[in-house]
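Undergrad: build me a model from this:
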Amino acid sequence: MNWNMPLILASTSPRRQVLLEESTWQVEVLPPSVDDGDLSPGQTPPEEWVEALAWLKARSVLDLLQESRPSEEACTVLGADTICVDEGRLLGQPADEAAARSMLEGFMERSHDVLTGTCLVAFPEGHRLLFHDRALVRWGRVNEDDLDDYLATGLWQGKAGGYNLIERIEAGWPIECEGDPATVMGLPMRRLHELLEGVQA
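TA: Next comes the predicted model:
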């Protein structure tokens with residue numbers, strides 16, 4: 001399948017938009033009509049769950065396009081979702097500051113996986129590609145004052161696990177990543193570069 005078409009991001013995440021635009025791809029953003037906070041994975045494995053969420057987001061935007069856009073305006077819809085997996089527990093965006101503190105303190109002096117599920121759908125044909133990428137993140141010990149200062153900023157909001165990888169590394173936190181750092185930030189850019197090569201460069 002050739003994904004070399006104008007790109008529509010089925011996400012309101014500013015980080016995902018920035019990641020794509022930094023790669024010089026022009027992106028149209030259409031919010032998906034899916035609130036993953038209302039959904040529960042049950043016994044679904046993390047890999048399947050994060051792909052399912054990416055598909056639901058992409059599909060909701062595809063439905064919108066089918067209702068409102070001429071079929072000759074072909075494009076690629078990109079949906080994505082990111083979760084942290086900590087000893088089998090699936091962690092999405094913290095609901096409040098207390099939840100963010102609990103997540104961040106739980107990461108310290110340990111490692112956890114970050115999975116980003118990605119779905120590409122061609123409009124109008126409906127061809128679909130689903131995959132996920134995994135990165136391993138290792139944390140050292142963040143002192144309590146630094147953690148308090150960070151939580152007070154509110155920067156934990158809207159982020160899986162309550163943190164942005166590059167932002168925290170640049171702030172001097174003892175964090176290392178094995179894999180694609182962009183996967184931790186919301187999009188597996190190494191893989192997407194292979195798939196989206198030539199999309200409105």
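Undergrad: pLDDT weak spots in the chain?
TA: 35-39, 198-201 (pLDDT under 70).
Undergrad: for the chain, what's the longest helix?
TA: What stands out as the longest helix in the chain, according to DSSP state H, is helix 46-68.
Undergrad: what's in contact with that helix?
TA: Under the contact criterion C-beta atoms under 8 Å, 6 or more residues apart in numbering, helix 46-68 has outside partners 8, 10-11, 30, 32-34, 36, 39, 41, 44, 75, 77-83, 85, 90, 113, 115-121, 123-124, 126, 128, 130-132, 134. Heads up, the C-betas are built off the backbone N, CA and C, glycines and all.
Undergrad: over to stretch 160-175?
TA: So stretch 160-175 is contacted by 15, 82-84, 91-94, 99-100, 103-104, 107, 112, 114, 137-142, 146, 150, 155-156, 177, 181, 184-186 (C-beta under 8 Å, 6+ apart).
Undergrad: how about the secondary structure of the nearest residue to Glu197 once chain neighbours are set aside?
TA: The spatially closest residue to Glu197, leaving aside those adjacent along the chain, is Asn4, at 7.4 Å (C-beta to C-beta, 6 or more residues apart in numbering). Of the three states, Asn4 takes coil under DSSP: H, G, I helix; E, B strand; the rest coil.
Undergrad: gap between Asn4 and Ser11?
TA: 21 Å (C-beta to C-beta, to the nearest Å).
Undergrad: with neighbour numbers in mind, choose between these two.
TA: Remark: of Asn4 and Ser11, Ser11 carries more neighbours, 25 against 15, as counted by other C-beta atoms under 10 Å.
Undergrad: residues contacting the residue with the largest distance to the centre of the chain?
TA: For the chain, the largest distance from the centre (C-alpha atoms, centre = their mean) belongs to Glu72, which lies 29.3 Å off. Applying C-beta under 8 Å, 6+ apart to Glu72 gives no contacts.
Undergrad: now with 10 Å, please.
TA: Contact analysis of Glu72 by C-beta atoms under 10 Å, 6 or more residues apart in numbering lists Pro124.
Undergrad: how near is it to Pro188?
TA: 30 Å.
Undergrad: now Ala52
TA: 16 Å.
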